[in-house]
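Novice: I need the structure of the sequence given here:
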Amino acid sequence: MERPMPKTAINLYSVRELEDSTFGVLERVADAGYDGVQFAGEYSPLHDDPNAVVEALETLGLGVVPPHVGIETLEDDRAAVREAYVPLGIDGVVVPWLGPDRFESSGAVEETSTRLEALADDLADEGWALSYHNHDHEYADLGSESAFERFLEATDIGIELDVGWALAAGDDPVERLRRLRGRIRTVHLKDMRVDGDPEFAEIGEGDVDVRACAEAAADAGAEWLVYEHDDPREPAASLERGAAVLGKL
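Specialist: All right, here's what the predicted structure looks like:
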């Protein structure tokens, strides 16, 4: 039997250039037809009244994807993270970035893996699962394998696969999603052009096979398909396009 598609959301980093409040952006997300939202950056209950955010989400009928929270904030200011996100009832968080130096060698990968596993153990005490969001630099060549492969072997934390960055790194995102079955809760459906230097593209206009990735994500047990565009020319229009494309999958 065909598995139903995961729910749809947008990562709010995509619309960081909008001159709007968090609540105005949430209204745009709901009006566009997304099922939920992934908080990131300044659009976050870390910077707004969490109870007011909860009320807005309930009014608009939006679910909450495990948010993006920087690793230093998770390690050094856990009280602020709890205050912001416990009212939203989240059960997971995503580290959205670690720099290229954290994956440049076998030793760096080992240190990174140990650091994230320790954080995952701490967050488990909060009832939260930890995931990591890739870019392309995690695929640094270590000789016998990529740093990303080494990282996956050394950890059992969740992976929020960004299919656009995976393709840009030379990976097959469809096959990667299949191999990550059981470790995937959220998938970033980002489109990119990868003939030459990678370039961000509006979803459906780049080289990513968005439908195949969505189907592989569903087969892998993903709960959310999250639209993200790192640098849209028109963020409001990109938000609308993302919802329209995801809604047809």
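Novice: contacts and neighbour counts: CA atoms only from here.
Specialist: Will do.
Novice: what about S131, distance to I157?
Specialist: 6 Å (C-alpha to C-alpha, to the nearest Å).
Novice: Put the alpha carbons of stretch 158-178 into PDB.
Specialist: The C-alpha trace of stretch 158-178 is given here as PDB (Å, rounded to 0.1, in the frame of the first residue of the first chain):
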ATOM      1  CA  GLY A 158      18.400  12.100  13.700                       C
ATOM      2  CA  ILE A 159      19.300  13.500  10.300                       C
ATOM      3  CA  GLU A 160      17.200  16.300   8.800                       C
ATOM      4  CA  LEU A 161      18.400  15.700   5.200                       C
ATOM      5  CA  ASP A 162      18.600  18.800   3.000                       C
ATOM      6  CA  VAL A 163      18.100  17.300  -0.400                       C
ATOM      7  CA  GLY A 164      19.400  20.300  -2.300                       C
ATOM      8  CA  TRP A 165      22.700  20.500  -0.400                       C
ATOM      9  CA  ALA A 166      23.000  16.700  -0.600                       C
ATOM     10  CA  LEU A 167      22.700  16.800  -4.400                       C
ATOM     11  CA  ALA A 168      25.200  19.800  -4.600                       C
ATOM     12  CA  ALA A 169      27.700  17.600  -2.700                       C
ATOM     13  CA  GLY A 170      27.400  14.800  -5.300                       C
ATOM     14  CA  ASP A 171      25.100  12.600  -3.200                       C
ATOM     15  CA  ASP A 172      21.900  10.900  -4.500                       C
ATOM     16  CA  PRO A 173      19.300  12.400  -2.100                       C
ATOM     17  CA  VAL A 174      16.700   9.800  -3.000                       C
ATOM     18  CA  GLU A 175      19.000   6.900  -2.200                       C
ATOM     19  CA  ARG A 176      20.300   8.700   0.900                       C
ATOM     20  CA  LEU A 177      16.800   9.100   2.200                       C
ATOM     21  CA  ARG A 178      16.100   5.400   1.700                       C
END
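Novice: I would like the residues contacting that stretch, please.
Specialist: For stretch 158-178, contacts defined as C-alpha atoms under 8 Å, 6 or more residues apart in numbering pick out 94, 129-137, 139, 180, 183-194, 198, 208, 212-213, 216-217, 219-220.
Novice: Run the chain-centre distance for that stretch.
Specialist: 12 Å (C-alpha atoms, centre = their mean, to the nearest Å).
Novice: try stretch 4-12
Specialist: 10 Å.
Novice: And for stretch 70-89?
Specialist: In terms of C-alpha atoms, centre = their mean, the centre of stretch 70-89 is found 17 Å from the chain centre.
Novice: How about that stretch, which residues are buried there?
Specialist: Applying a neighbour-count criterion of 16 or more other C-alpha atoms under 10 Å, one finds G70, I71, L74, V81, A84, Y85, L88 buried in stretch 70-89.
Novice: just curious, which of the residues you listed is nearest to P232?
Specialist: Ranked by distance to P232 (C-alpha to C-alpha), the buried residues of stretch 70-89 are led by G70 at 22.4 Å.
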